[in-house]
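Undergrad: Okay, predicted coordinates and the sequence, questions at the end:
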Amino acid sequence: MNIPVKSQTAQNTGNLAHKVALVTGSTSGIGLGIARALAAAGANVVLNGFGEAGEIARTKEAIEFDYGVTANYSAADMTSPEAIDEMISATLRDLGRLDILINNAGIQHVAPLDQFPVGKWDQILAINLSSAFHTTRLALPAMRKQKFGRIINVASAHGLVASPFKGAYVAAKHGIVGLTKVVALETAEEAITCNAICPGYVYTPLVESQIDAQAKAHGISRNQVIRDVLLAQQPNKRFATVEEIGALAVFLASNAAASITGIALPVDGGWTAH
């Protein structure tokens, strides 16, 4: 039996070939989708996030096999500036450069503001906002030295509009949009850009579990949960996909987007057009 085997030597020929990309929060969901898209475009990638060791190893191996690139992994805790420093240092030491930084790590908690746990507020701000400050400040010297850099912050539609009971998340995502603009202005005369992607609801395993939980909790159908609960604010009534977010990240990381900087681009099915 002849079994076709993918050629790894011919894979690393995309428009990001030989670039190095670090994607925080990329062991699953949107982050993993972005990492795969960057690898498909030829970039070597550094994954980051929590998860079962064997599953992470399989993910790395699959990326390397499918796209013929190097895939490294950092377990850095995004609440720790020291761990973030080590992650950036290890990337530069092991791969020699850092061209593309994707700040994607994030968590969520829902509660009324006067009942919001203080510890959860601090954790969300640390992971969703402060981690991007630390990765960016540490990556910029290397990007300036190599005269190229792309910083892409995964914000949210909630970086542009608010919803009740999501105080920490909304505050952090608005902060990410502001940070994006500051970095863009500070690097405007260099070959470095900084942009934010602002997704609405994106279909991931986490969202799938929310659909089932909401359907059981409210005694309604899956379709009702999708249309009337999760996608109530999205006029197109469909989830974005991780592949769509990944394709946009690849474009923003490419030479074609060299003059695009400081923007917060909604991918929200019309949510923020209201």
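TA: Done, it's in.

Undergrad: on contacts alone, who are the packing partners of the longest strand belonging to the chain?
TA: What stands out as the longest strand in the chain, according to DSSP state E, is strand 192-199. Other elements packing on strand 192-199 under the criterion 3 or more C-beta pairs under 8 Å, 6 or more residues apart in numbering; DSSP states H and E are helix 131-146, strand 149-154, helix 167-186, helix 242-253, strand 264-267. In this view, the C-beta of every residue, glycine as well, is placed from N, C-alpha and C.

Undergrad: Direction included, what does that strand pair up with?
TA: strand 149-154 (parallel), strand 264-267 (parallel) (DSSP bridges).

Undergrad: looking at the ones you listed, which is buried most?
TA: Mean neighbour count (mean count of other C-beta atoms under 10 Å) peaks for strand 149-154 among those, with a mean of 26.

Undergrad: for that strand, what is the average pLDDT?
TA: Mean pLDDT, strand 149-154: 99.

Undergrad: now could you export just the CA positions of that strand as CSV?
TA: Extracted C-alpha coordinates of strand 149-154, given in CSV (Å, rounded to 0.1, in the frame of the first residue of the first chain):
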residue,chain,number,x,y,z
GLY,A,149,8.0,43.6,13.6
ARG,A,150,4.3,42.8,13.7
ILE,A,151,2.3,43.1,17.0
ILE,A,152,-1.3,41.9,16.8
ASN,A,153,-3.5,42.1,19.9
VAL,A,154,-6.5,39.9,20.0
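
Undergrad: so how far is that strand off the chain centroid?
TA: On the basis of C-alpha atoms, centre = their mean, to the nearest Å, strand 149-154 sits 9 Å off its chain's mean C-alpha point.

Undergrad: what is the orientation angle of it with helix 167-186?
TA: 160 degrees (axes from the mean of the first three to the mean of the last three C-alpha atoms, to 10 degrees).

Undergrad: CSV for the helices and strands packed on strand 192-199, including distance to residue 125?
TA: Listed next are these as CSV, based on distance: least, C-beta to C-beta, whole Å:
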stretch, distance to residue 125
helix 131-146, 10
strand 149-154, 15
helix 167-186, 5
helix 242-253, 23
strand 264-267, 19
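
Undergrad: so which of the ones you listed gets nearest residue 113?
TA: Closest to residue 113 of the helices and strands packed on strand 192-199 is helix 167-186 (C-beta to C-beta; 4.8 Å).

Undergrad: What are the buried residues along the closest one?
TA: The neighbour-count check on helix 167-186 (16 or more other C-beta atoms under 10 Å) flags 167-177, 179-181, 183-184 as buried.

Undergrad: Residue 97: which of the residues you listed is nearest?
TA: Using C-beta to C-beta, the buried residues of helix 167-186 come closest to residue 97 at residue 183, 18.8 Å.

Undergrad: Among the helices and strands packed on strand 192-199, which comes closest to residue 65?
TA: That would be helix 242-253 among those, by C-beta to C-beta, at 18.1 Å.

Undergrad: CA atoms only: put that closest one into CSV for me.
TA: Listed next in CSV are the C-alpha coordinates belonging to helix 242-253 (Å, rounded to 0.1, in the frame of the first residue of the first chain):
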residue,chain,number,x,y,z
VAL,A,242,-10.8,30.4,14.1
GLU,A,243,-9.7,30.1,10.5
GLU,A,244,-11.1,33.5,9.7
ILE,A,245,-9.3,35.1,12.6
GLY,A,246,-6.1,33.2,11.6
ALA,A,247,-6.3,34.4,8.0
LEU,A,248,-6.7,38.0,9.2
ALA,A,249,-3.7,37.7,11.5
VAL,A,250,-1.6,36.3,8.6
PHE,A,251,-2.6,39.3,6.5
LEU,A,252,-1.7,41.8,9.2
ALA,A,253,1.6,40.1,9.7
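
Undergrad: Figure out how far that helix is from the centre of its chain.
TA: Using C-alpha atoms, centre = their mean, the offset of helix 242-253 from its chain centre is 10 Å.

Undergrad: and what of stretch 233-241?
TA: The answer for stretch 233-241 is 19 Å, by C-alpha atoms, centre = their mean.

Undergrad: tell me which residues in that stretch are buried?
TA: 233, 234, 239, 240.

Undergrad: can you give me the end-to-end distance of it?
TA: Terminal residues of stretch 233-241 are spaced 17 Å apart (C-alpha to C-alpha, to the nearest Å).

Undergrad: likewise stretch 224-240?
TA: Span of stretch 224-240 from end to end, C-alpha to C-alpha: 18 Å.
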